[in-house]
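S.K.: Dropping the sequence and predicted coords here.
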Amino acid sequence: MSFTVNIASEEKELKEIFRLRYKVYCLEWGFEKICNHSDGILTDNYDKHSLHFAARDLSQKLVGALSLILPSEEGFPVEKYCELDIDNNEIPRGQIAEISKLVVHRDYRRRTEDKYIYGPDEERRSIGSFAFDNYSYNRRFEDKPKYKQGTQRPGMSLVEKRKRHEIIISLYKALYIESRRRQMTHWYAIMTKGIVTLLEKFGVQFKAIGDPVDYHGIRTPYLGELRKMEEEMSNRDPELYKEFINGLQDTR
């Protein structure tokens, strides 16, 4: 199955993304309190300064989303909620953006992917805003997904692994292309170690720049340099690298 990714700009598209966030962050994992989002939409002050990427299947159903927070007077969540081990003034402010709020529709996730994206159960439940009275409710969402991609086995090729995580890879590819078009050189992110490990398999490498924090579960601040990602990806997965740089000839 293949997916298409576009940057949402219409109000209808944006609300669809924010509703998916609500389902994942509030109803499924309890990262946010349901009572704080009575309209069934999850958004924040950074969204008006962000690009919102929407992944859709062949029927145009929204199956995943990812946001890129651009430089603005709001700053970045990673600088607000984390103590960083770097001097952020050394990175040109106009050339860094922050990856935020990766969500994948529950029909297209597996249990292993949940742990990559959202962290192990004990890490998800450690967040201070988690409502334990919702936990039994949230567990009902952990049934088998409708979208089956097979089981992971030793010796899987990179192509097979890419198919298993096609939504995430498609979102990051679109994210990369737009970042390069805007002459971005670095990405901030606050992520689980699992998603960092997953991305590293394909050469998308980040380095930790601070200690873990409680931020929608246990998360660590990271910094990625696009130039180094390109070098690593070209070595690990040349075919994927070609896909990532497709259409960028005019910006190089």
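M.R.: Noted; the coordinates are in hand. Owing to the predicted nature of the structure, the values given are computational and were not obtained by experimental measurement. Numbering: from 1, shown residues only.

S.K.: how far does the helix or strand containing residue 195 sit from the chain's center?
M.R.: Assessed by DSSP states H and E, residue 195 sits inside helix 193-200. Its chain's C-alpha centre and that of helix 193-200 lie 11 Å apart, by CA atoms, centre = their mean, to the nearest Å.

S.K.: what do you get for stretch 213-227?
M.R.: For stretch 213-227, the distance to the chain centre is 11 Å (CA atoms, centre = their mean).

S.K.: what about it, how long is it end to end?
M.R.: With CA to CA, to the nearest Å applied, stretch 213-227 spans 27 Å between its terminal residues.

S.K.: and if you look at stretch 189-208?
M.R.: Stretch 189-208: ends 10 Å apart by CA to CA.

S.K.: Looking only at that stretch, what residues are buried by neighbour count?
M.R.: For stretch 189-208, a neighbour-count test (16 or more other CB atoms under 10 Å) marks 189-196, 198-199, 202-206 as buried. Every C-beta, even on glycine, is put in place using the N, C-alpha and C of the backbone.

S.K.: Nearest to residue 50 among the residues you listed?
M.R.: residue 189 (13.3 Å; CB to CB).

S.K.: and that closest one, what is it in contact with?
M.R.: Residue 189 sits next to 78, 98, 99, 100, 206, 221, 222, 223, 224 when contact means CB atoms under 8 Å, 6 or more residues apart in numbering.

S.K.: Show me where this structure has its helices.
M.R.: 11-21, 77-81, 111-118, 121-124, 135-139, 158-164, 166-181, 193-200, 226-236, 238-245 (DSSP state H).

S.K.: Throw the ones you listed into TSV and include mean pLDDT, thanks.
M.R.: Output for the helices of the chain, formatted as TSV (pLDDT from 0 to 100):
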stretch	mean pLDDT
helix 11-21	97
helix 77-81	95
helix 111-118	60
helix 121-124	46
helix 135-139	34
helix 158-164	61
helix 166-181	95
helix 193-200	91
helix 226-236	95
helix 238-245	90
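
S.K.: deepest of those, which one?
M.R.: Each of the helices of the chain was scored by mean neighbour count; the highest is helix 166-181, a mean of 20, by mean count of other CB atoms under 10 Å.

S.K.: how far off helix 238-245 does that helix point, in degrees?
M.R.: Here the directions of helix 166-181 and helix 238-245 differ by 50 degrees (axes from the mean of the first three to the mean of the last three CA atoms, to 10 degrees).

S.K.: C-alpha coordinates for helix 166-181, CSV please?
M.R.: Extracted as CSV, the C-alpha positions of helix 166-181 are listed here (Å, rounded to 0.1, in the frame of the first residue of the first chain):
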residue,chain,number,x,y,z
GLU,A,166,5.8,3.3,5.3
ILE,A,167,3.6,6.0,6.8
ILE,A,168,6.4,7.4,9.1
ILE,A,169,9.0,7.3,6.3
SER,A,170,6.6,9.0,3.9
LEU,A,171,6.0,11.8,6.4
TYR,A,172,9.7,12.3,7.1
LYS,A,173,10.5,12.3,3.4
ALA,A,174,7.9,15.1,2.8
LEU,A,175,9.3,16.9,5.9
TYR,A,176,12.8,16.7,4.6
ILE,A,177,11.9,18.0,1.1
GLU,A,178,10.0,21.0,2.4
SER,A,179,12.8,21.7,5.0
ARG,A,180,15.4,21.8,2.2
ARG,A,181,13.3,23.9,0.0
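
S.K.: Right, I'll leave it there.
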